[in-house]
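Engineer: fold the following and give me the result.
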Amino acid sequence: MRKKLLNHEALLAVRHKPWLKIRPPPPASSPVIRVSNNIVHLGRPKEGPKPVQLLSLPPFPGHPLPGRKSASAVRVTAISWLKYYFQDAPPPAIQKHFNKAQVQIECLNASGLPGSCERQTVAMRKIRPSDVMEVGARVYVPVSVAESKISKRFDIIPSGTLNPNADEIAYLRRLVKYKDSALLVLNKPPKFPVKGIVQVHNSLDALAAAALSYDYAEGPKLVHRFDRESSGLLIMGRTEGSISHLQWLFSNKMKSLSRGWNHACDATYQRYWALVIGSPKQEEGLINAPLKKVLLNDGKTEKVILAHNSGLEASQEAITKYRVLGPMINGCSWIELCPQTSCKHQLRVHCAEALGTPIVGDYCYGWFVHSKWKQMPRVDFEPTTGEAYKMKRTKGLDVHKGSVLAKVPLLHLHCREMVLPNIAKFVELHKQQYHANHEHDSEPDLLRFVAQMPSHMKISWNLMSSYLV
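Structural biologist: Predicted coordinates for the structure are as follows:
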């Protein structure tokens, strides 16, 4: 009876005071996700200034930078270091970030070393372009410094023929980044087979004999392995002497041909950029996990897995250095991989099984994670206000072309940077090792190459760098 009386009094109060209305609860602070026609739309973005996604550069080395004309690394300015690392970025774009005071450097502690690599907030200060870099200093710059224009025309892999026409030869020669008397350096596109088998006729080694021989009697030869789905820098030897030197280099056999050759081999490295699902627990580290090959149930297909150190099974040593480039955005992170050994599918297995973060588009070693992964949503308009969501979408280009927005993304693994000995110089020096000849002393001992990412990775980079979290 008392409960009914209270309800009656509350109803009379509302009638006499119409401004007292029952209001709905305030909306949730987290973004609301709605799904319609298999397209995910995000809710209202967070209010206030948007955080700038920062990209971490590797610590500044104390030795001379490979590929620079100056042999001294004593006075390297901040803008020179950024232009060196982002060799494929236009210099005005780098200068613009300095003008806006967006380039920062990590403050060193009392011991002269940066803070721990654990995930924590580090103290940073702004840096001027004329400031001289110190050994071990780490620079942070917005990820927009690496944004690049995307061609509206996707290159087409040549047809399966051993006699390519003029257009196909021109396409293959556009891939060549560097050419000398000893080697060729190519920027291989994804899904371009490197080594031909019975079912593959348009492989790079078969087409190179017809399209990349230039004025040589024979075409260049492959000297190291490269996955079909991967992209980036690929080395091919042009002569017997250069092929033998490159095979020594990539087989990790340090032949004592000369002191200069050994020093150049010690300075050799490869750096890959990859987009992984998730983020490693540590910002950087070393993976030392041996690998072995297993045969699947069909009796034909081979797969690489981590080997257990039992001593009873054949395994191959595999070591990889890794470093997280930036924060995790929509469940994905950009990382930098530096392999210390050359094993089949080494980077893909280490990312998927050792780190637990498979590479986007790697369905061989990350199928289970891909089946549970919620891809980056397509953002067109903010559903509550109707305003266009501020994302730098590429105009005139299908953004689903293998990027993180595609239903089936391509493999996001790219060999971006490579430093190797000047093979042409050392081949001539080793031929004339018993003769006093200083003709090649002025030539550099090391060569450095940087290759742009393929179109699908450029799209993913541009989308994630402008993603408002």
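Engineer: what about V145, neighbour count?
Structural biologist: Neighbours of V145 under the rule other C-beta atoms under 10 Å: 19. Just so you know, the C-beta spots here come from the backbone N, C-alpha and C atoms, and that holds for glycine as well.
Engineer: K100 too?
Structural biologist: 9.
Engineer: please apply the same query to the one 4 residues further on.
Structural biologist: Taking other C-beta under 10 Å as the criterion, the count of residues near Q104 is 19.
Engineer: please name the residues that touch it.
Structural biologist: For Q104, the contact set (C-beta atoms under 8 Å, 6 or more residues apart in numbering) comprises L54, M124, R125, K126, I127, V139, Y140, V141.
Engineer: from those, which ones fall inside strands?
Structural biologist: L54, M124, R125, K126, V139, Y140, V141 (DSSP state E).
Engineer: can you select the buried ones among these for me in ChimeraX?
Structural biologist: Selection of buried members from the ones in strands among the contacts of Q104 for ChimeraX, criterion 16 or more other C-beta atoms under 10 Å:
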select :54,139,140,141
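Engineer: let me know the closest of the ones in strands among the contacts of Q104 to G356.
Structural biologist: L54 (23.9 Å; C-beta to C-beta).
Engineer: measure that closest one to P92 for me?
Structural biologist: Distance of L54 to P92, computed by C-beta to C-beta, to the nearest Å: 21 Å.
Engineer: check V419 too.
Structural biologist: V419 is 26 Å from P92, by C-beta to C-beta.
Engineer: comparing those two, which shows the higher neighbour count?
Structural biologist: The neighbour count for V419 versus P92, taken as other C-beta under 10 Å, is higher for V419 (18 against 8).
Engineer: let me know the pLDDT of V360.
Structural biologist: pLDDT recorded at V360 is 93.
Engineer: same deal with I319?
Structural biologist: 92.
Engineer: now swap in the one 5 residues further on and tell me
Structural biologist: Turning to V324, the model gives it a pLDDT of 93.
Engineer: can you get me a residue count around it?
Structural biologist: Neighbour number of V324 under other C-beta under 10 Å is 22.
Engineer: that one against S333, yeah?
Structural biologist: Yes. Counting by C-beta atoms under 8 Å, V324 touches S333, with 6.0 Å between them.
Engineer: overlap in contacts, these two.
Structural biologist: Common neighbours of V324 and S333 (criterion: C-beta under 8 Å, 6+ apart): S279, P280.
Engineer: for the stretch 301-450 of the chain, what spans make up the strands?
Structural biologist: Under the criterion DSSP state E, counting those that start in this stretch, the stretch 301-450 of the chain contains strands at 302-306, 319-324, 332-339, 413-421, 446-450.
Engineer: output those strands in TSV; the columns should cover distance to V223.
Structural biologist: Below are the strands of the stretch 301-450 of the chain laid out as TSV (distance: least, C-beta to C-beta, whole Å):
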stretch	distance to V223
strand 302-306	21
strand 319-324	20
strand 332-339	15
strand 413-421	10
strand 446-450	15
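Engineer: pick the most buried one from these.
Structural biologist: Comparing the strands of the stretch 301-450 of the chain by mean neighbour count (mean count of other C-beta atoms under 10 Å), strand 413-421 ranks first with a mean of 23.
Engineer: other SSEs contacting that one?
Structural biologist: Packing contacts for strand 413-421, counted by 3 or more C-beta pairs under 8 Å, 6 or more residues apart in numbering; DSSP states H and E, involve strand 231-237, helix 240-250, helix 259-266, strand 269-277, strand 446-450.
Engineer: tell me what the third one is packed against?
Structural biologist: In terms of contacts (3+ C-beta pairs under 8 Å, 6+ apart), helix 259-266 is packed against strand 413-421, helix 423-431.
Engineer: report the mean confidence score over the last one.
Structural biologist: Read it as helix 423-431. Mean predicted confidence for helix 423-431 is 84.
Engineer: with stretch 88-104 instead?
Structural biologist: 89.
Engineer: just the closest of the contacts of Q104 to S251, please.
Structural biologist: For the contacts of Q104, the nearest to S251 is V139 (34.7 Å; C-beta to C-beta).
Engineer: tell me who's in contact with the nearest residue to that closest one once chain neighbours are set aside.
Structural biologist: By the measure of C-beta to C-beta, 6 or more residues apart in numbering, the closest residue to V139 outside its immediate chain neighbours is L57, 4.6 Å from it. By C-beta under 8 Å, 6+ apart, the contact list for L57 reads W81, L82, Y85, R138, V139, Y140, V141.
Engineer: pLDDT score for L57?
Structural biologist: On the pLDDT scale, L57 is placed at 88.
Engineer: next one: K152
Structural biologist: Per-residue confidence for K152 comes out at a pLDDT of 52.
Engineer: same check on L337?
Structural biologist: Looking at L337, its pLDDT reads 95.
Engineer: surely it and T320 touch.
Structural biologist: Yes. If you go by C-beta under 8 Å, L337 and T320 touch, sitting 5.9 Å apart.
Engineer: and for those two, which residues touch both?
Structural biologist: By C-beta under 8 Å, 6+ apart, the residues touching both L337 and T320 are L347, H350.
Engineer: before we move on, the earlier item: what's the closest of the strands of the stretch 301-450 of the chain to G285?
Structural biologist: Within the strands of the stretch 301-450 of the chain, the stretch nearest G285 is strand 319-324; the backing value is 6.2 Å (C-beta to C-beta).
Engineer: contact partners of that closest one?
Structural biologist: The contact list for strand 319-324 (C-beta under 8 Å, 6+ apart) reads 56, 58, 279-280, 283-288, 333-341, 346-347, 350, 354-355.
Engineer: mind checking which of these are buried?
Structural biologist: 56, 279-280, 283, 285, 287, 333-340, 346-347, 350, 354-355.
Engineer: reformat the helices and strands packed on strand 413-421 as a markdown table; add mean pLDDT and distance to I169.
Structural biologist: Shown next, in a markdown table, are the helices and strands packed on strand 413-421 (pLDDT from 0 to 100; distance: least, C-beta to C-beta, whole Å):
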| stretch | mean pLDDT | distance to I169 |
| --- | --- | --- |
| strand 231-237 | 92 | 16 |
| helix 240-250 | 86 | 22 |
| helix 259-266 | 83 | 33 |
| strand 269-277 | 94 | 28 |
| strand 446-450 | 91 | 22 |
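Engineer: where exactly do the strands run in the stretch 101-250 of the chain?
Structural biologist: 104-106, 124-126, 139-142, 176-179, 183-188, 221-222, 231-237.
Engineer: show me which residues of stretch 221-234 are buried.
Structural biologist: For stretch 221-234, burial by neighbour count (16+ other C-beta under 10 Å) applies to K221, L222, V223, H224, F226, D227, E229, S230, S231, G232, L233, L234.
Engineer: give me the distance between the residue nearest to V276 when sequence neighbours are not counted and M457.
Structural biologist: Take V276 and drop its neighbours on the chain: the residue closest to it by C-beta to C-beta, 6+ apart is T357, 4.0 Å away. With distances taken as C-beta to C-beta, T357 is found 17 Å from M457.
Engineer: more neighbours: those two, which one.
Structural biologist: Neighbour count, other C-beta under 10 Å: between T357 and M457, M457 has more, with 29 against 25.
Engineer: name the element that one belongs to?
Structural biologist: helix 455-465 (DSSP states H and E).
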